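Peer 1: test case, fold it:
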Amino acid sequence: MTIEFRFDDPVWIVSQVFAFFALVFLVWSFQMKNKIVIMLLMGLGSAFLGLSAICLGNYSVGMLFWLTAVWNFVFTYLDWRISRGKRVHPKLKYIFAGIFAILTITATSFLWTLGMALWLEIMICVTLLGLILGSVLKGTNIMRVSFITNRVFNIINHIHFNNPIGVIIASTAIGSNVVFYIRQMIAKNNAE
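Peer 2: Residues are numbered from 1 along each chain as shown. Take a look at the predicted model:
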């Protein structure tokens, strides 16, 4: 598998423009500490990645990115309300997590034939379920680890569907999150 730059294909160019916007939002989110801001920026990045994937005929991952965008926006809104002291039913986040988990599994089940390979679609689905779980738990570690793992599988998918900016995004996501953890370890060691 190799990446082929198709500057003579307008649809490919449009997909890369969408992917570039995704890159901007996702790189911005990688260095944030505030979970609400992380989820909002990841939602915007996921929406643009979904558009990019669909332009390339990668309908399975495109739909999963769109679902990811929607649940990031929903959880951003719920967490924002909570941070402002507004009442949110305690079970509401878990209900939405269950709904999005079911939708993610359903989308993977119905659309995997439009993707690359079943094993890859299953791994992308499982890591997205980890992201959904991370969205309802406190802290960002489960969300970040699931995100890093998801991006490893997305690299394979982006190469197959000829999405060079998607590969850059996934690689940058992995690198940025590793840098985030290295900075945390250094800060912890300096505090001791």
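Peer 1: phi, psi for the most centrally placed residue in the chain please.
Peer 2: The geometric centre of the chain, computed from its C-alpha atoms, lies nearest to residue 46 (C-alpha atoms, centre = their mean), at 5.5 Å. Per-residue torsions, residue 46: phi -70, psi -40 (degrees, to the nearest 10).
Peer 1: any idea how far residue 126 is from it?
Peer 2: Relative to residue 126, residue 46 is positioned 17 Å away (C-beta to C-beta, to the nearest Å). In short, each C-beta sits where N, CA and C put it, glycine included.
Peer 1: swap in residue 56?
Peer 2: Applying C-beta to C-beta to residue 56 and residue 126 gives a distance of 23 Å.
Peer 1: more neighbours: which of these two?
Peer 2: residue 56 (23 against 16; other C-beta atoms under 10 Å).
Peer 1: hang on, isn't the more buried one packed against residue 162?
Peer 2: Yes: if you go by C-beta atoms under 8 Å, residue 56 and residue 162 touch, sitting 6.4 Å apart.
Peer 1: what's the overlap in contacts for the two?
Peer 2: Listed as contacting both residue 56 and residue 162 by C-beta atoms under 8 Å, 6 or more residues apart in numbering are residue 12.
Peer 1: circling back to that earlier point, wait, doesn't the residue nearest to the centre of the chain sit right on residue 72?
Peer 2: Yes: taking contacts as C-beta under 8 Å, residue 46 lies within contact range of residue 72: 6.3 Å.
Peer 1: where does pLDDT dip in this structure?
Peer 2: 1-2, 115 (pLDDT under 70).
Peer 1: okay, strands next: where are they in it?
Peer 2: When secondary structure is read from DSSP state E, the chain shows no strands.
Peer 1: can you give me the buried ones in the longest helix along it?
Peer 2: Selection of the longest helix in the chain by residue count, based on DSSP state H, yields helix 164-191. Of all the residues in helix 164-191, those buried under the rule 16 or more other C-beta atoms under 10 Å are 164-170, 172-174, 176-177, 180.
Peer 1: and if you look at stretch 56-67?
Peer 2: 56, 58-67.
Peer 1: kindly report the same for stretch 148-156.
Peer 2: Residues of stretch 148-156 classed as buried: 148-151, 153-156 (neighbour count, 16+ other C-beta under 10 Å).
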